[in-house]
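Asks: Sequence below, structure please.
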Amino acid sequence: MPAHRETRVLPYTPEQMFDLVADVRRYPDFLPWVVALRVRQDGETETLADMIVGFKGLRETFTSRVKKRRPDHIRVDYVEGPLKHLTNEWRFRPDSRGCAVDFSVDFAFRNRVFEKLAGSVFDGALRRMIGAFEARAAELYGASDAGGSSSSSAHSAA
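Replies: Coordinates of the predicted model:
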């Protein structure tokens with residue numbers, strides 16, 4: 001099952017990054033492959049949403065529960081769809097350069113063939129999605145004077 005963990009330091013506050021990630025309604029505006037999104041329930045600490053993802057003519061609907069603990073933690077748990085499981089976590093920590101964003105994702109497809117295919121494109125897709133969050137932050141909060149982000153990452157695909 002593909003898994004990925006990484007930390008990036010971005011020139012924004014933890015509150016700004018929390019707000020960006022927690023605003024799931026806006027995902028179709030900037031995330032690649034997110035075709036549509038329907039929020040079923042939305043509250044201060046939890047959101048339940050259906051996300052339609054499209055790629056090369058394929059479309060799948062994922063239902064996820066987003067648990068929010070302002071200002072430092074967001075956890076996304078898979079509820080329903082084509083996966084066996086999915087867990088995605090975001091942690092936001094103050095840093096002298098802005099905010100350290102700890103990101104992790106772990107998922108498995110029900111279908112082994114899909115899982116092998118996903119593993120082959122997983123890194124590129126993940127980089128594109130993380131880049132979309134960074135670009136959205138720059139659009140919303142202004143570009144960094146420091147000229148970008150520093151990152152360290154650890155990745156595993158088991």
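Asks: Next, the buried residues of the longest helix seen in the chain.
Replies: Across the chain, the longest stretch assigned as helix under DSSP state H is helix 112-141. Neighbour-count burial for helix 112-141, counted by 16 or more other Cβ atoms under 10 Å, picks out 115, 118, 122, 126, 129-130, 132-134, 136-138, 141. Placement of C-beta: from N, CA and C, glycine included.
Asks: quick one: low-confidence parts of this structure?
Replies: 1, 114-115, 117-120, 144-158 (pLDDT under 70).
Asks: Glu60 contacts Gly81, doesn't it?
Replies: Yes - counting by Cβ atoms under 8 Å, Glu60 does reach Gly81; the two are 6.2 Å apart.
Asks: Now Pro28. Nearest residue, chain neighbours left out?
Replies: Among residues not flanking Pro28 along the chain, Val34 sits closest, at 4.9 Å (Cβ to Cβ, 6 or more residues apart in numbering).
Asks: what sits opposite the one you found in the beta ladder?
Replies: Beta-bridge partners recorded for Val34 (DSSP bridges): Val53.
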